[in-house]
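Chemist: Give me the fold of what follows.
(2 chains)
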Amino acid sequence: MASIMMKNRQGTSRLTQLCATVLLAVAFVTMPAVLAARAGVDIQEVKSDSGVTAWLVEDYTVPIITVRFAFKGGTTQDPAGKEGIANLMTGLFDEGAGDLDSDAFQQRLDEVGAEMSFSATRDAIYGQMRMLAEERDNAFDLLRLAVNSPRFDQQPVDRIRAQLNTQIQRALRDPNEQGMEKFAKALYGDHPYARRSDGRLESLGSVTPDDLHALHKRIFARSNLHVAVVGAIDAETLKKELDRVFGPLPQDPDLVPIERTQPKLGQVVHHPYNLPQATLQLVYPGLEREDPEFFAAYIMNHVLGGGTFSSRLFNEVREKRGLAYGVGSGLQTSDYSDALVIGTSTRADRAEEALAVMRETISKLAEEGITEDELTTSKTYLIGAYPINNLDSSSAVASTLLELQRDNLGIDYIDRRVGYIEAVTKEQVKAAAQRLLKSEPAILIIGPELKKEE
Amino acid sequence: MNLIPGAVRRAAIAAVFMTVPVTAFSEQAPSVDYFSLDNGLEVVVIPDRRAPVVTHMLWYKVGSADEDPGKSGIAHFFEHLMFKGTTNHAPGEFSARVAEVGGRENAFTSYDYTAYYQQVAPTELRTMMEFEADRMVNLVLTDEVIGPERDVIIEERNSRVENDPSSLLSEEVSATLYQNHPYRIPVIGWMHEIEQLNREDAIDFYKRYYAPNNAVLVVAGDVDPGEVREMATEIYGKIPRGPKLEERVRPTEPEQNTKRTVQLTDDRVAVPSFSKRWVVPSYRTAEPGEAEALDIFSEVLGGGLRSRIYQELIVKQGIASSAGAFYQGVSLDDTSFGVYGSPRGEATLEQVEKAIDAEIAKIVDEGVTQDEVEKAKKRYLRSMIFARDDQSGMARIYGSALTTGSTVEDVAKWTDRIREVTPEAVQKVAKKYLDDRRSVAGYLLPEEAN
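Modeler: Numbers count the residues shown, from 1 in each chain, chains lettered A, B, ... in the order given. As a prediction, the model looks like this:
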């Protein structure tokens, strides 16, 4: 019974969800448990003999181990005509590896009691395993097989492909998915970021087991790998496991270079559909993670539409006018592009009003910047919320450690972060607002025709 | 939860955490404190001292199934109104305070309960209690805040239901499955009744249900149980006990004797899907052992990659893109058991339905194996160890159990009772409850191509 109603769905950027399965976050939001150590997280850097590095947080409170890793090179590596192959590949790592065929592998995984999953984003292939500490040896052995010797047998390939085909067919009729796809094409043109990560029926249909082996060989290597481990394991033991699981991989991947791109702004994309509710999305310029103005922009975004019940957009669009259930904004930093994305879903007959209110709120911020009070409360929020939002379970800690490595932020980043936030001034936030919010955005409208669409 | 078509197969694993009512307490598990204040407020404290964070949750024993006829949606609407300010604090002040300290907050409503929570640093627990206790009795509701918020929940209904054909169908299946019990009405309410909800309805609801003797406080995380007790006594303890509440006795189902079908055709549907549900007992209403057997049954039948439905329909026959079974045992009154599936390739919806029916019939006629039952048990017990990694998940397990008629002891002994389930017990509940002649099937179909 999917019947739990939440007060608010946090404003997440919809763009990244272009190809995500439509699992509505109806029920319980995943609420966190907590794992981080007392005063910050105690992270160890562990380097194995074969040169694989992992960040480790040791914790024995619950007898489990969580491993998360990423190989740089995601769906952007799909060859032309084979779009969707990376995503398909991630569905096949528990469908047979080494001497074990699909059934034998899954039976073994069930006996060992480990949860293993892989996924593909635009920029990386992610893997995760959660295991009971007492089954560590068996679990890592299965992971070793999956990472090094996936079989890609024809039968499971066809089966998982058929499941993905169903998902693609569904999306073809879904106005929101269609609108998002149209928008991605308008924003990114010929760049791989414009593609659906699950591909098209024809492209997916042309993928063979040989293609999958070739892609696996190209992406799975040691020099483009990052690993994070949390739980009941010590550094010495982990070293051996890292060598066992990742040691046999080749040193370097064979990646196709991807060009940096920026979304094309100053356009309106309308996907007409007669629904009771319209979806609006506004894309403004973003900035890179390394940009000196990043934290000023981060605070600016928090005031505008960050994930609390007190952002300006939340107040203007929802609290004062009741125009929408959810509204929010987010800074997107991908490997090859960035953007500030603002979105909401609003009643169709007032979509125009909602858009106007959003644009007015945005302009006001660009013109006037934020208040001293907003600056102070944003800082305390962003500092206090970090452990709650990022370090609240083994999986969250592992995720955080992995992204810190992917972003090359350094092992002491969590401690330094507080200083970066505290140093931001009101003037810097205003400058960042002017830099990002003065541009004419790209606008997506899914829903009935508006009276005037700028 | 699993009903959503397109739910990827691995959803089954997550679903274990959602549907499992209670948790294991093996020797290394934390101890749980339970006590009541003089004003009737029940308190559960679950210490977890790994990180400086605490989850503070207040659960009320009222949900949509307790609403008066014609007032559907008031429980959920009221949940939103609890964020609107009190005689002591202006609207938005509580949320601003939570945000200021980097906390997380939200609230949710279901058929049987409504809950509010904040997640903050332990130093803020006292403040959270003060705000939460304050809005239990001092809420100020004006037409100025009620109007826009009603628009918000109308948009929420649009987002969740009107925009999604599978949700629309799911509502209609429930309305058909329950012929008399209020679980037939969606938690969010029917649109035409939501539109009429007003200040008077909200105030009536507040006065009737929001009182310490109708609530359960759950505090999980980096706290000392003794200190929580003192703090709760001081802050919540000063609220006077409310009037005695009536027993939560809702209209019950008549004997069901028909097989019903509900069909929705929608332009937005590309791939058809099917579900079938039956009314079955919940953990509260079942004979001893039956609910545990239903949990094992749903796992063996359609709980994940190793289940019969998955192996037969998706792997061997290759006729389904998704298929499975679910049982929501945490429920005050009789609940539902369901199966679902969607075809792939050339296969038809009818084939999928028949194949699922055949798997059910096989268990009804021939039972399940000892091996299947043991593996299902092992998965449940294991998931309970994983669950301990999640402080507020633990809080949720206790809150939902205590507001649906279970006790702290029931929670503690759940794993023992799961261990006792036999293959015979599984076959027995399958035979007893999954009678096709009183099922409701839902069909979600694409528009006919012309």
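Chemist: quick check: domain ranges of the chain?
Modeler: In the absence of a named chain, chain A is used. A:38-246, A:268-447 (automatic domain parsing).
Chemist: was after chain B, sorry
Modeler: Using automatic domain parsing, chain B is parsed into the domains B:39-235, B:260-446.
Chemist: Which among those is found nearest to residue A:273?
Modeler: Distance to residue A:273, taken as CB to CB, is lowest for domain B:260-446 among the domains of chain B, at 8.7 Å. Every C-beta, even on glycine, is put in place using the N, C-alpha and C of the backbone.
Chemist: Report how far apart the opening and closing residues of the closest one are.
Modeler: Length of domain B:260-446, first residue to last, CA to CA, to the nearest Å: 20 Å.
Chemist: How far off centre is it?
Modeler: Using CA atoms, centre = their mean, to the nearest Å, the distance from the centre of domain B:260-446 to the centre of the chain it belongs to is 15 Å.
Chemist: do the same with stretch A:124-140
Modeler: The answer for stretch A:124-140 is 21 Å, by CA atoms, centre = their mean.
Chemist: Please see if that stretch touches chain B.
Modeler: Yes - in terms of CB under 8 Å from any CB of the partner chain, part of stretch A:124-140 sits within range of chain B, namely A:130, A:132.
Chemist: Okay, buried residues for that stretch please.
Modeler: By neighbour count on 16 or more other CB atoms under 10 Å in any protein chain shown, the buried set for stretch A:124-140 is A:124-132, A:135-136, A:138-140.
Chemist: Could you tell me the phi and psi values at the closest residue to chain A within the stretch 101-250 of chain B?
Modeler: Of all residues in the stretch 101-250 of chain B, residue B:102 sits closest to chain A, at 2.0 Å by CB to the nearest CB. Main-chain dihedrals, residue B:102, degrees, to the nearest 10: phi 80, psi 20.
Chemist: State the number of residues packed around residue A:441.
Modeler: Using other CB atoms under 10 Å in any protein chain shown, residue A:441 has 25 other residues around it.
Chemist: Revised request: answer the last question for residue A:391.
Modeler: 26.
Chemist: next one: residue B:204
Modeler: 14.
Chemist: ok, now the one 10 residues further on?
Modeler: Residue B:214 is flanked by 23 other residues according to other CB under 10 Å.
Chemist: how about the nearest residue to it, chain neighbours excluded?
Modeler: Spatial nearest neighbour of residue B:214, excluding adjacent residues (CB to CB, 6 or more residues apart in numbering or on different chains): residue B:61 at 5.1 Å.
Chemist: residues in contact with that neighbour?
Modeler: B:112, B:113, B:209, B:214, B:215, B:216, B:245, B:248, B:403 (CB atoms under 8 Å, 6 or more residues apart in numbering or on different chains).
Chemist: Weed out the non-buried ones from those.
Modeler: B:112, B:113, B:209, B:214, B:215, B:216, B:248, B:403.
Chemist: Return the closest of those residues with respect to residue A:337.
Modeler: residue B:113 (43.9 Å).
Chemist: and that closest one, how far is that from residue A:62?
Modeler: From residue B:113 over to residue A:62 the distance is 27 Å, taken as CB to CB, to the nearest Å.
Chemist: what does residue B:116 give?
Modeler: 27 Å.
Chemist: same question, residue B:398
Modeler: Distance from residue B:398 to residue A:62, by CB to CB: 17 Å.
Chemist: check contacts around the residue nearest to residue A:353 when sequence neighbours are not counted.
Modeler: Spatial nearest neighbour of residue A:353, excluding adjacent residues (CB to CB, 6+ apart): residue A:323 at 6.6 Å. By CB under 8 Å, 6+ apart, residue A:323 lies in contact with A:317, A:344, A:346, A:347, A:350, A:353, A:354, A:357, B:151, B:155.
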